[in-house]
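**Q** next input, structure requested:
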Amino acid sequence: MEEPRRPHLWGERLTRRWVDVVTCVSESVRRFTHRQTRHPLAKLVTIPNGIDIDRYTRDIPPVPSDWDLPDDSPVVAVVGRLDEQKDPLLMLEAAAQVCKGHPDAVFAFAGDGPLADE
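**A** Numbers count the residues shown, from 1 in each chain. Predicted coordinates:
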């Protein structure tokens with residue numbers, strides 16, 4: 001969810017009377033936009049920003065066998081754009097905390113973006 005920026009919200013509030021529809025990528029963004037900009041819910045439409053997973057169904061083992069993980073290792077997959085807005089570095093911090101109590105936990109990141117090299 002996008003962090004509120006004062007100039008951005010000021011512009012949204014100033015122009016809301018001339019807006020017919022605002023598209024949001026999720027219901028949580030729709031609610032956030034309503035709270036932050038006071039746009040009427042009737043003018044906020046959700047169009048999910050997802051993918052059709054049926055296009056990608058294959059018989060893939062839950063964890064690649066070349067990772068040599070015990071069968072009972074918890075695996076957390078993080079899939080998304082590696083960008084400041086998505087804050088994947090926060091997930092890395094959380095992973096470090098989780099691994100203190102569960103040293104067998106595995107975190108796998110998949111995605112691309114400006115923070116890919118971090």
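**Q** was I right about L9 contacting T37?
**A** Yes: in this structure, L9 is within contact of T37 by C-beta atoms under 8 Å, at 6.2 Å. Placement of C-beta: from N, CA and C, glycine included.
**Q** just want to know which of those two has more residues nearby.
**A** Taking other C-beta atoms under 10 Å, L9 and T37 do not tie; T37 has more neighbours (20 against 14).
**Q** what residues are up against the more buried one?
**A** L9, E12, R13, R16 (C-beta atoms under 8 Å, 6 or more residues apart in numbering).
**Q** so how far is H102 from it?
**A** Between T37 and H102 the computed distance is 41 Å (C-beta to C-beta, to the nearest Å).
**Q** show me where this structure has strands.
**A** Assigned by DSSP state E, the chain shows strands spanning 22-24, 44-46, 75-79, 106-110.
**Q** mean pLDDT and distance to K86 for those strands - can I get that in a markdown table?
**A** Below are the strands of the chain laid out as a markdown table (pLDDT from 0 to 100; distance: least, C-beta to C-beta, whole Å):
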| stretch | mean pLDDT | distance to K86 |
| --- | --- | --- |
| strand 22-24 | 89 | 16 |
| strand 44-46 | 94 | 19 |
| strand 75-79 | 85 | 9 |
| strand 106-110 | 88 | 11 |
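**Q** can you list these in a markdown table and add mean neighbour count and distance to W67?
**A** Shown next, in a markdown table, are the strands of the chain (neighbours: other C-beta atoms under 10 Å; distance: least, C-beta to C-beta, whole Å):
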| stretch | mean neighbour count | distance to W67 |
| --- | --- | --- |
| strand 22-24 | 16 | 37 |
| strand 44-46 | 15 | 37 |
| strand 75-79 | 12 | 9 |
| strand 106-110 | 14 | 7 |
